[in-house]
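Visitor: Provided below are the primary sequence and the corresponding predicted coordinates.
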Amino acid sequence: MATEVLMPKLGLTMTEGTIEEWKYKEGDAVKKGDILFSVATDKLTNDVECEEDGTLLKILLPEGETAPCKSVIAWIGQPGEAIPDASGAAAPAAAAPAAPAAAPSAASAAAPAAAPTAHADRPAGAYVLATPYAKKLAKEKGYDLSQIPGTGPNGTVVAKDVENFVAGPKTSPMAAKLAAELGVDVSKLDVQGRVMKADVLAAAGVGAAAAPAAEAAAAVESNDEKPVKVNPLRRSIAANMTNSWHTSPRVTYTRPVEVTAMKDLRAKLKDGLKEQGIKLTYNHILMKVVAKALTEFPDVNASFADNMLTRHKHVNMGLAVAKGDGLIVPNVKNCEEKSLAQIAQETEALIEATRTGKLGMEDMTGGTFTISSLGPYGITSFSPIINQPELAILGVCDMVDTPVVRNGEIVIRTMMNLSLTADHRVIDGVMASKFLKRIAELLENPYMLLV
């Protein structure tokens, strides 16, 4: 009997996934443990293993398409084996059918609950957080995402919000783009049927003579290559960075730190740890130092929402890791309680899992502070963007031998700039400066970690 292949649920918050790549074609033999496909969410991309031997009979969800978790995306069985009618299974625009509900009363049947209507506080075309599947549904239905109230985390628009939305007139893609650029609210247009380009131009007061220029603003001809759709990871980065930029009034503070003692500490410890199979890097020492400092500055190890400050009990230290053309931030849990060796082991395991597609959703969530290191690339100063909903991020720069004055004499010391970007809603200049000063003290005398 043929077996269903389901869209996996890789974490508690995952609601849908996008097929990034099928590793086999229909008709290919597959074995248990083989990588069958890669699935991308708004946070990460993971390889999914085949759960049994057989033949890949049918692929229902093509590459690049999205479906809800637990929906059927393929069938595996014996060659020539019949499979159930899959005409609607795992269709990108269709969710799995809901379980039968109890028969409604006459009163409830006569007066169904009202569906959400347009979001009155957002201008048409405004940026809004939305899942990939919600964006796809909105595009198919001709809805303006900025007008749909979101019920997901941080107001994110999810698929059910689009499905439940009661919109005004539907809008063609060209009309929606033109409306956003001309500042026209299509939900207020009195149009019979679909809103078209001409309706937007008329509402904007653009005459026939000016229409070509307005159209040109929406569709500029060029000799560039054809635009390509970016992968889910890059779309997630774009959405998260834009959200952070609009959420946090941020200030970046940069301080030079002498790291001669940190280099000496690593030199003394690395060989002994290497014999135990542990790789010790400067980032590991920085993580230990920053975790110690965060325990002394609880308002930095916190998050802020709805005028409420939440101080986190533990330091879950995120480290930005490059993967392909993207960036992923797994985090080491309870960093303040762990030894330097434990931090090194867990960090390297997370980096390896990131690069091999084995990272779990739990490794990506719950972070309270992030370190981003561009030192290996020769960067001496930069302004990292806060990883929401955290309140700060530390940028680590290159170590440079620099002439400095010590006891009235010019000497050469290894210096490194630290760039702290902080959310000014909670962390003012004095607190940020004291926090950076404390990190500098610990790096310049790392043996203070022992007391």
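Guide: Structure received. Residues are numbered from 1 along each chain as shown.

Visitor: I'd like the next helix or strand past the helix or strand encompassing Gly17.
Guide: Secondary-structure element containing Gly17, defined by DSSP states H and E: strand 16-22. Scanning forward in sequence from strand 16-22, with DSSP H and E defining helices and strands, the next element found is strand 29-30.

Visitor: name the residues that touch that next one?
Guide: The contact list for strand 29-30 (CB atoms under 8 Å, 6 or more residues apart in numbering) reads Tyr24, Leu36, Cys50, Asp53, Gly54, Thr55, Leu56, Ile76. In short, each C-beta sits where N, CA and C put it, glycine included.

Visitor: per-residue confidence at the fourth one?
Guide: We note a pLDDT of 93 for Asp53 in this prediction.

Visitor: swap in the first one?
Guide: At Tyr24, the model reports a pLDDT of 94.

Visitor: again with Glu181
Guide: At Glu181, the pLDDT recorded in the model is 69.

Visitor: related to what we said a few turns ago, out of the contacts of strand 29-30, the closest to Met308 would be?
Guide: Of all the contacts of strand 29-30, the one with the least separation from Met308 (CB to CB) is Leu36, at 43.7 Å.

Visitor: off-centre distance for the strand holding Gly17?
Guide: 16 Å (CA atoms, centre = their mean, to the nearest Å).

Visitor: show me what it pairs with in its sheet, parallel or antiparallel.
Guide: strand 35-40 (antiparallel), strand 66-68 (antiparallel) (DSSP bridges).

Visitor: name the spans of the stretch 51-200 of the chain whose pLDDT lies under the cut-off.
Guide: Within the stretch 51-200 of the chain, the segments meeting pLDDT under 70 span 85-127, 153-154, 166-174, 177, 180-181, 186-187, 191-194.

Visitor: ranges for the strands of it?
Guide: In the stretch 51-200 of the chain, the strands defined using DSSP state E, counting those that start in this stretch lie at 54-59, 66-68, 72-77.

Visitor: any chance of these in CSV, plus distance to Met364 and mean neighbour count?
Guide: Formatted as CSV, these follow (distance: least, CB to CB, whole Å; neighbours: other CB atoms under 10 Å):
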stretch, distance to Met364, mean neighbour count
strand 54-59, 28, 20
strand 66-68, 19, 23
strand 72-77, 22, 23
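
Visitor: so which of those strands gets nearest Ala320?
Guide: Taking CB to CB as the criterion, strand 66-68 is the member of the strands of the stretch 51-200 of the chain that comes nearest to Ala320, at 26.1 Å.

Visitor: still on that earlier bit, can you redo the contacts of strand 29-30 as CSV with distance to Thr380?
Guide: Supplementary listing: the contacts of strand 29-30 in CSV, determined by distance: CB to CB, whole Å:
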residue, distance to Thr380
Tyr24, 47
Leu36, 45
Cys50, 48
Asp53, 55
Gly54, 56
Thr55, 57
Leu56, 51
Ile76, 54
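
Visitor: now the strands of the stretch 51-200 of the chain as a markdown table including distance to Phe369?
Guide: As requested, these are arranged in a markdown table below (distance: least, CB to CB, whole Å):
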| stretch | distance to Phe369 |
| --- | --- |
| strand 54-59 | 42 |
| strand 66-68 | 32 |
| strand 72-77 | 37 |
